[in-house]
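Enquirer: for reference, the sequence and a predicted model appear below.
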Amino acid sequence: MNTELEFCLYKLFEIVGIIAVSGIYILSVSLGNELKNNLIYSYSKIFPSLVVIKFLYVLNLEKEVVSNVKSIQALVFLNLLLKFLIIYALIFSVLCRERLKVFLSKTSIWINISLVIVVFLTFKNIKNSTANILLQSTLSATRLYFLSELIVIFGLLFLIYLSFSNFYFKQNNSFKVFVLTFATGELILSLFKRKGVLFTEAVQNGAMFYLFVAIFLAVAKQRVKFLHSLAKFSNKVLKEKLDLQKSFELLVDFIYEAYSKVFPRICFYYIKENQNYKLIVFKSDEVNNKFEDSDVEEIKLKNKLLEKKNIAAFDMKDFESFFECKFSKGRAYSGFQTVVYVPVERYNRLEGFLVCYSRIKNLHITDELRDGLTIFMNFSQALLSQIERIEKIKNLSTEDELTGLYNRRYFMKELILESIAADRYKNKFCVAFFDMDNLKLLNDVYGHGVGDKAIKIIARIIRDNIRKTDIPARFGGDEFAVIFKNCSKDAIEDRIKNIKQLIEKESQLQLPEKIRVSCGIAVYPDDTTSLDELLKIADMRMYEEKLKNKGGDFGAEGQQLC
């Protein structure tokens, strides 16, 4: 291969290197949120100066670069510096991950400016000098190359070691490939000296270009994966009824899929009562994916954990001290070193919390983890609010606004279902109608506020004195109805008598006048198997009792109530 062609190829490889270095820096700037926890975030902080130095190198390339070293001392200086910065910037990015990130966030601009100025002045001084500043003799050149190769090779060997031993480095396969490829290029240069310089530049600039493409594809893949997971989660939520249990199962699945490598076990606890919380979602990398410690399926928190308002990481032993239960020391918790706690609060009350278990000792919560867990925290709060809103809407469609009892629509639906169950299992049930005597007169004399209060008293007493399985409803105005499930008329007569007495007694204490209610009972299927007829019978019997009560109503004896 002639020198002209070798030089053209050499220059082409260097241009590829400029594209790669520039591309990596542009990605780190434009996609900071995606990259800020990747090694590239800290590593690329030095890339502005690398771009300038690389550009300066290409602009001043001479044909002798592929054959004669002595006349191109300034280019040798730039090439050595580029390799040194590329290798040792990556080493410090791995070893001083968070500290370096904080330091560079404040000083990276000034470091790059200073570096460019120093390099430019040194390069200019070497290039304009008539003396051979760096390479005064063949011996000097050999020693310089030997020393520079030692420094570069030592850095590459250390990077190879880190790529297989450092946790954060191991998570980035693209950096492994980059380091190994870059080291291969340096090995070629060491073995073949200047004869291998073209291959070295091809391999090392190719490694930089690979890193650029790998980062771009990784970010694109991450975004697509996130959007796919979010779409999948949203689709599932839309398909499912927005149930608390199912919704949090989907949400925890979403978080587990994103961070299972860091958190092989994730638990979500939801409030049961007071400071007691119940485990409702459990995800694990274990084969059976079942929770093994029944002692902490329901736990009570101590106040010092309730005071924690933000995402926090704890040592496993320290975390156990926040609970009033004992954590199992067996296989259920073996290997876990760190716990990350994510509180979910609403209205300054801890509604639930996520517990993420990690096998990494002294795990630092990176910005990526914090962002993901913050999304979970905010989404959980929004989810709880949405569930609450849906419950309110559902209640508005099934409940009476004034009394909180079921409305007529819900009552009729339950009546149909209860008749089907009674036919199937040969059971009986009763329908009782209640009607307040002379509500209109009470409203006219004392106002609608007193009338509403009377209706609320009747509704509360009915609800509090029937079984939880029974269905109380307000039909409208002063009319109420109750489905007494799986019972006969004899079984509820005493209960209804008690309800009437309580209404009279409490109304006498809380209202200007004592009120009473009339009641009629119909039994399915003893009275009829027709639901319309059943309601008519209950209504008729209530009206008959109402006529009997006329003599005892307030205002019925011609009292002057004004």
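Expert: On my side now, so go ahead.
Enquirer: list the contacts of stretch 380-398.
Expert: 242-244, 247-248, 251, 344-346, 351-352, 354, 406-407, 409-410 (CB atoms under 8 Å, 6 or more residues apart in numbering). Any C-beta I mention is one placed from the backbone N, CA and C, and that applies to glycine too.
Enquirer: swap that for stretch 464-474, please
Expert: 400, 402-403, 405-408, 410-411, 414-415, 418, 455, 459, 462-463, 480-486, 495, 498-499, 502.
Enquirer: just the buried residues from these, in ChimeraX please.
Expert: Burial among the contacts of stretch 464-474 is assessed by 16 or more other CB atoms under 10 Å; the matching ChimeraX selection reads:
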select :400,403,405,406,407,410,411,414,415,418,455,459,462,463,480,481,482,483,484,485,486,495,499,502
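Enquirer: quick check, nearest of the contacts of stretch 380-398 to A538?
Expert: Y406 (16.4 Å; CB to CB).
Enquirer: give me the element the residue lying closest to the closest one once chain neighbours are set aside is part of.
Expert: Nearest-residue entry for Y406: A473, 4.1 Å, with adjacent residues in sequence omitted and distances by CB to CB, 6 or more residues apart in numbering. Taking DSSP states H and E as the definition, one finds A473 inside strand 471-476.
Enquirer: could you do K300 as well?
Expert: Going by DSSP H and E, K300 is in strand 298-300.
Enquirer: all the strands of the stretch 201-350 of the chain, residue numbers only.
Expert: 265-273, 276-284, 298-300, 312-315, 338-346, 349-358 (DSSP state E, counting those that start in this stretch).
Enquirer: the ones you listed: which one's closest to I111?
Expert: The nearest among the strands of the stretch 201-350 of the chain, by CB to CB, is strand 312-315 at 30.7 Å.
Enquirer: pairing partners for the closest one, with directions?
Expert: strand 338-346 (antiparallel) (DSSP bridges).
Enquirer: show me where pLDDT drops low in the stretch 301-450 of the chain?
Expert: 325-334, 395-396 (pLDDT under 70).
Enquirer: repeat the analysis, applying 50 as the threshold.
Expert: Across the stretch 301-450 of the chain, the ranges flagged by pLDDT under 50 are 328-331.
Enquirer: for the chain, same thing?
Expert: 33-37, 131-132, 293-295, 328-331, 552, 554-562.
Enquirer: domain ranges for it?
Expert: 3-223, 244-390, 408-552 (automatic domain parsing).
Enquirer: ok, the residue positioned nearest the centre of the chain - contacts?
Expert: Central residue of the chain (CA atoms, centre = their mean): F376, 1.7 Å from the mean position. Shown in contact with F376 (CB under 8 Å, 6+ apart): 251, 255, 342, 354.
Enquirer: dump the strands of the stretch 201-350 of the chain to JSON lines, plus distance to F182.
Expert: Shown next, in JSON lines, are those (distance: least, CB to CB, whole Å):
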{"stretch": "strand 265-273", "distance to F182": "38"}
{"stretch": "strand 276-284", "distance to F182": "39"}
{"stretch": "strand 298-300", "distance to F182": "51"}
{"stretch": "strand 312-315", "distance to F182": "35"}
{"stretch": "strand 338-346", "distance to F182": "34"}
{"stretch": "strand 349-358", "distance to F182": "32"}
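Enquirer: for L56, see how far away the residue nearest to the centre of the chain is.
Expert: 47 Å (CB to CB, to the nearest Å).
Enquirer: same deal with L442?
Expert: 96 Å.
Enquirer: which element is the nearest residue to C487 once chain neighbours are set aside on?
Expert: Nearest residue to C487, sequence neighbours excluded (CB to CB, 6+ apart): C430, at 6.2 Å. According to DSSP H and E, C430 maps onto strand 429-436.
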